[in-house]
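*Asks:* sequence first, then the predicted structure:
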Amino acid sequence: MGSRSRTIFLSSLNYPKASSFAVEDGRSFRELVLWLEDTKIRFYSVDDRKPLRASGAEWTAAFFKYAEDLECHIPSTSENRTKILDFLISQAITEEYRDNCTRISEATQKLPSSNAAVGKVGAAEAEVSKLAPVCPVFSQLDSPEFEGALKAAAVALHVPLEADVPRLLKSVLGAAQRVLSPAALEAATGKTASQAGGSSTIGGLPKSKFPLGFSLDDPPLDEAATLLRVLYINDLRRLQTQVDHYIVDMQEYTADPKTDAKLGRVGV
Amino acid sequence: MSRRSYAEECGFISRVSECEFRINTGFVEHMRVPGSFYVNKHLEQLMFEELEVYTKRGDTGGFLPAMKQIANVAGLPGIVKKSIALPDVHSGYGFAIGNVAAFDMDDPTAVVSPGGVGFDINCGVRLVRTNLVEKDIQDVKEQLAQSLFDHIPVGVGSQGIIPTSTDALEAALEMGMDWSLREGYAWAEDKEHCEEYGRMLTANPNKVSARAKKRGLPQMGTLGAGNHYAEIQVVDEIYDKSAAGKMGIEQKGQVCIMIHSGSRGFGHQVATDALTAMERAMARDGIVTNDRQLACARIQSEEGQDYLAGMACAANYAWVNRSSMTFLTRQAFGKMFNCTPDDLDMQVIYDVSHNIAKVEEHMVDGRQKRLLVHRKGATRAFPPHHPLIPVDYQFTGQPVLIGGTMGTCSYVLTGTDKGMEETFGSTCHGAGRARSRNNSRNKIDYEQVLDSLKTKGISIRVASPKLVMEEAPESYKDVTQVVDTCHTAGISKKTIKLRPVAVVKG
């Protein structure tokens, strides 16, 4: 495990020093091991944890014993201490999941219905915007409530946060339109759910919308190739968006469009 | 060769499938490959009638019937696979309009022919979407049509309202839409959604005559006359929801703008200049063709290379022209609805070219080959995952914009793998004439035409009403039949149908 992924795992476990943790620092190493046992793994009784609170050679012995007791098969040598730590982190994540799995699966089950609820709001908004397409789009941006709600919406829609409220609003609206379009809602709530698992979908995506363009005569391979295609095209889209940004930046310096109605002449 | 009877001629034509016929070698002299044409029952009748009339009437001048023209092209040096005609085919100068022919770049005798591109180089169609729906524009339709008419000068001899200098023209010829971007007439996303990204890199303004530049300069940003138009359209039918969604078309009634225009006098002059040069080259290199109008030169010869460099300039001119008109359209809409074009989501869906020759890679008899594909009155229609189509359309295939005739429907199709195999990734471009211009002038009354548009509730602004009858729907084949034939043949797929609510024409 690299230090970056270790930081991600630790912050997902809510370890308070996740961002500052350095595996080379003996003290913070010891602290982390103890914290993992105290709050997540809880393999020993509180009294049995005493040796883990020690330092020096005593601690090292306790650390290796702890790993053995947890049935870690990594040899107990000082070169392996990082590997053993990573094993402990993954144990902690397993425990964390076990403690919360009911809550997590309930939350996922709720997703489609909550989407539909938001959909209604979206539809209502769409009605409003149809009625008055010429109204200035931004009119009540100064209230902090609005800004708070907008940020919450941005987080829910995975839109990167930015300080400029009108720009953020625009990105959020774009994302909302995409996610809550009638077609997307239909796909999320209705027809595709009944088809899921059938041969017409690949990784939950309808095959008809994501044609592979060739076949390897092996369904699992075709599925993997389709997913690679999707990922590749997402990358390409990101690149194209960057290119577009550069062009727009360049236009700041070069663009100066002009028209002169006097020049115009209608032909015969 | 003495003239054969109609029955004898038909002996050379065989049916391949429900919508494809083959013209076998021997139909005309020197055929190197067979010809092929796509039709449905009704269009089939038109094709055979034309041939029958030709066999009976004797040589009275005018264009040869389309079938003969397709076969004559099949006799040009370096042609591969077959000379293909799409359902909207009708006879034109040398090559029939609606003809696709590909020449092997690695064959030193292979030719390029200006007749295979046409006089209006890179004549094409661009579709711009909005987030408005029909009822938003219902009450302002007339004003919108007038505003478009005021912004985009139309008609023979019209002049544009974007100031252009000689230097600017030179730069535009070389840079295509990159010039429009640099000067701020286009959005970054426009380039992304344009065939060739709006710029042919082979353009060399030094290969273009001063006369062509002189004709092109004042016409920048004008529609021109003939069958060119700018239309406000609404979505009438969505056949493929997911592909339409990728194009930003979400619902019926959504408002779009279609711009159909080309390279104006500039392209015409480039083609004329090349034809003169090529007649000399043909004599020098001993190139024999069945028809004088098929003037051509070896691709690698000086004349061939000069033409391709000049044609690329004309193509760039046409893209700049359509970009300028998009800019003016955005201004017109922005003013009318009192907000920015950005807020109206006025993005270019796509921009296709239907008169052009391009170097492309295709499979011929199981081998990948570099070909110079001539498309005259035909649209490129690449399948999903082709590297030359925009990332947004990788899963749908390239959008193909089929402009109807004044007052009739237009369509958006997408490219398919079958089209890539059978027609060098090409499909139809529009309705295709059923009646010649002169014939239309004699038979149709322009007031009738305008009245019938009015009764359909279509606002219309024209520069010269008397030319309207040449472009009346009655002069054309039925675009729906043409599109349905391409769909049935599988060479492209129907996605969206649009119907006009306001038309601006030269």
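*Replies:* The structure has been received and is ready for your questions. Residues are numbered from 1 along each chain as shown, chains lettered A, B, ... in the order given.
*Asks:* packing partners for the helix or strand where residue A:242 lies?
*Replies:* Taking DSSP states H and E as the definition, residue A:242 sits inside helix A:219-254. Packed against helix A:219-254, as judged by 3 or more Cβ pairs under 8 Å, 6 or more residues apart in numbering or on different chains; DSSP states H and E, are the following elements: strand A:201-202, helix B:177-183, helix B:188-192. For every residue, glycine as well, the C-beta is placed using N, CA and C.
*Asks:* pLDDT of the longest one, averaged?
*Replies:* Mean pLDDT, taken over the full extent of helix B:177-183, equals 96.
*Asks:* and the contacts of it?
*Replies:* When contacts are taken as Cβ atoms under 8 Å, 6 or more residues apart in numbering or on different chains, the neighbours of helix B:177-183 outside the stretch itself are A:247, A:250-251, A:254-257, B:168, B:171-172, B:175, B:186, B:188, B:190-191, B:194, B:197-199, B:316, B:319-320, B:323-324, B:327.
*Asks:* now the helix holding residue A:242: buried residues?
*Replies:* Applying a neighbour-count criterion of 16 or more other Cβ atoms under 10 Å in any protein chain shown, one finds A:222-223, A:225-226, A:229-230, A:233, A:240, A:244, A:247, A:251 buried in helix A:219-254.
*Asks:* would you tell me which strand is longest in chain B?
*Replies:* strand B:492-505 (DSSP state E).
*Asks:* wait, is residue B:21 part of a strand?
*Replies:* Yes: note on residue B:21: a strand contains this position according to DSSP: H, G, I helix; E, B strand; the rest coil.
*Asks:* surely residue B:263 touches residue B:314?
*Replies:* Yes: at 4.3 Å, residue B:263 counts as touching residue B:314 under the criterion of Cβ atoms under 8 Å.
*Asks:* where do the contact lists of those two overlap?
*Replies:* Listed contacts common to residue B:263 and residue B:314 are B:121-122, B:270; contacts here mean Cβ under 8 Å, 6+ apart.
*Asks:* strands along the stretch 51-200 of chain A, start to end?
*Replies:* When assigned using DSSP state E, counting those that start in this stretch, the stretch 51-200 of chain A turns out to have no strands.
*Asks:* looking at the helices and strands packed on helix A:219-254, which is buried most?
*Replies:* helix B:177-183 (a mean of 23; mean count of other Cβ atoms under 10 Å in any protein chain shown).
*Asks:* please write out the alpha-carbon positions of it in PDB.
*Replies:* Taking C-alpha atoms only, helix B:177-183 is exported to PDB below (Å, rounded to 0.1, in the frame of the first residue of the first chain):
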ATOM      1  CA  MET B 177     -12.400  27.400 -37.800                       C
ATOM      2  CA  ASP B 178      -9.200  28.000 -35.900                       C
ATOM      3  CA  TRP B 179      -9.400  31.500 -37.300                       C
ATOM      4  CA  SER B 180     -13.000  31.900 -36.200                       C
ATOM      5  CA  LEU B 181     -11.900  30.700 -32.700                       C
ATOM      6  CA  ARG B 182      -8.900  33.000 -32.600                       C
ATOM      7  CA  GLU B 183     -11.100  36.000 -33.600                       C
END
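*Asks:* which neighbouring elements make contact with the strand or helix carrying residue B:101?
*Replies:* For residue B:101, the element it lies in under DSSP H and E is strand B:97-104. Other helices and strands packing on strand B:97-104, by 3+ Cβ pairs under 8 Å, 6+ apart, are helix B:66-73, strand B:83-90, strand B:355-364, strand B:367-376.
*Asks:* tell me which strands the second one pairs with, and in which orientation.
*Replies:* Partner strands and pairing direction for strand B:83-90 (DSSP bridges) are strand B:35-38 (parallel), strand B:97-104 (antiparallel).
*Asks:* grab the longest helix from chain B for me.
*Replies:* helix B:302-337 (DSSP state H).
*Asks:* that helix and chain A, are they touching?
*Replies:* Yes: Helix B:302-337 comes into contact with chain A (Cβ under 8 Å from any Cβ of the partner chain), by way of B:327-328, B:331, B:337.
*Asks:* do stretch B:245-258 as well
*Replies:* Yes: Stretch B:245-258 comes into contact with chain A (Cβ under 8 Å from any Cβ), by way of B:245, B:250-251.
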